[in-house]
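Asks: build the 3D model from these lines:
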Amino acid sequence: MLLRYEALETHLKGELAPLYVLTGDEYLLVQEAVDMVRTAVHERGFTERQVFTVERGFKWEELYVADNALSLFGDRKLIELRIPSGKPGKEGAQAIQQYVSGLSPDNVTLITLPQLDWNTRKSSWVSALQKRAVYVEVNPVDVAQLGGWIASRLRRQHQQADRAAIQFLVERVEGNLLAAWQEIQKLALLYPEGTLTEEQVRNAVLDVARYDVFQVSEAMLGRDTARFIRMMDGLKGEGTPLPLLLWVFVDEIRMLLRCRQALDTGMRPSEVARANRLRGARERLVMNALRHLDEEKLVGALQQVSDIDRLVKGLDSKQGFSDAWEALTRIGIAFSRI
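Replies: Next comes the predicted model:
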């Protein structure tokens, strides 16, 4: 049974399932979901808890023993299985399938996993979990959702803020949800319940944004120039290696060029997306950008990035670039303003 993260709290008020699976990389949300399950089972009389972490040398038979062994006091148990790598290996995959096919009705098992890649999601052991468990994918809060998330968290502590204050918060905590929650809690300590002014928020909140180098293209192709510039400045300030950022730009432009050329030969957008493994929001972002990008523009951008690479390696720029960060930022701005 697949369940949305937002529906987990309501689900746990009803009859508990024998198996829960939480998968995701957003530490704050995953930990909150784990705490929800723990609280629910504790309230139902599950007083014993055993935790297993899959590491090198982990003995899978310990899991079977925990699920089938009678408690000394006859108590029901919560069994937590953590797989930090998301890769249980061949032996582990078989053990998981066997384990979930014969769960003890006296216990609840909670399995936590990181965000799984596409191939892993299609594996037989994940399919077995999805079939027999309440399976919750804890998705990250992207920048488009962050304002709403902040507003909902403020409401929990009986506070609210206007759009400008919320946007200020978004810009200061983007990519760092745990820090965002800490800043929101700080506002509860500093100010009474009610409406917060932008000045109050500015005075209280630190700049704790963290930018993911692989999300730069999201701002660039989404034509969010202000966010793109903010991310580039942040990455530069954090000491991000410029060769890594160059690789991201080159990889993105090459992908766009492949898609553009395929579309120009008459392929349907859905076929192009499938061939380039584009799905969901990513597919929409790329296809919208390609409406304004032709092959000439993309080839020119690729040549510019190649010239910046020469500059990074200590060679002379053929196009007159003197500062690699500035030149790369200008290329991104040109994309975002198309």
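Asks: centroid-nearest residue for this structure?
Replies: For the chain, the residue whose C-alpha lies nearest the mean C-alpha position (CA atoms, centre = their mean) is Pro140; its distance is 3.7 Å.
Asks: could you confirm that one falls within a strand?
Replies: No - the assignment for Pro140 (DSSP: H, G, I helix; E, B strand; the rest coil) gives coil, which keeps it out of a strand.
Asks: how far away is it from Tyr27?
Replies: Pro140 sits at a distance of 10 Å from Tyr27 (criterion: CB to CB, to the nearest Å). Using the backbone N, CA and C atoms, a C-beta is placed for each residue, glycine as well.
Asks: any shared contact partners between the two?
Replies: Any residue near both Pro140 and Tyr27 by CB atoms under 8 Å, 6 or more residues apart in numbering counts here, and that gives Leu177.
Asks: output the below-cut-off pLDDT ranges for this protein.
Replies: Filtered on pLDDT under 70, the chain yields the residue ranges 70-75, 207-209, 319-320, 338.
Asks: tell me where the stretch 1-150 of the chain has helices.
Replies: Using DSSP state H, counting those that start in this stretch, the helices of the stretch 1-150 of the chain run over 8-11, 27-43, 61-68, 89-100, 118-121, 124-132, 143-156.
Asks: can I get the ones you listed in a markdown table with distance to Asp307?
Replies: Converted to a markdown table, the helices of the stretch 1-150 of the chain look like this (distance: least, CB to CB, whole Å):
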| stretch | distance to Asp307 |
| --- | --- |
| helix 8-11 | 50 |
| helix 27-43 | 40 |
| helix 61-68 | 56 |
| helix 89-100 | 45 |
| helix 118-121 | 34 |
| helix 124-132 | 44 |
| helix 143-156 | 30 |
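Asks: so which of those comes closest to Gln167?
Replies: Of all the helices of the stretch 1-150 of the chain, the one in closest proximity to Gln167, counting by CB to CB, is helix 143-156 (6.7 Å).
Asks: relative to helix 27-43, how tilted is that closest one?
Replies: With axes from the mean of the first three to the mean of the last three CA atoms, to 10 degrees applied, the angle from helix 143-156 to helix 27-43 works out at 40 degrees.
Asks: ok, residues contacting helix 143-156?
Replies: Outside of helix 143-156, the residues that reach it under the criterion CB under 8 Å, 6+ apart are 141, 160-161, 163, 166-167, 169-170, 173-174, 177, 180-181, 184, 187, 196, 218, 227.
Asks: what does stretch 296-304 give?
Replies: Applying CB under 8 Å, 6+ apart, the external contacts of stretch 296-304 come out as 250, 253-254, 256-257, 260, 319, 327, 331, 334-335, 338.
Asks: which one of those is nearest Asp309?
Replies: Using CB to CB, Val250 is the member of these that sits closest to Asp309, with 8.0 Å.
Asks: so that closest one makes contact with Ile308?
Replies: No - contact status for Val250 versus Ile308: not in contact, 9.8 Å apart, counting by CB atoms under 8 Å.
Asks: which among the contacts of helix 143-156 end up buried?
Replies: With burial judged by 16 or more other CB atoms under 10 Å, the buried subset of the contacts of helix 143-156 is 141, 161, 166-167, 169-170, 173-174, 177, 180-181, 184, 187, 196, 218, 227.
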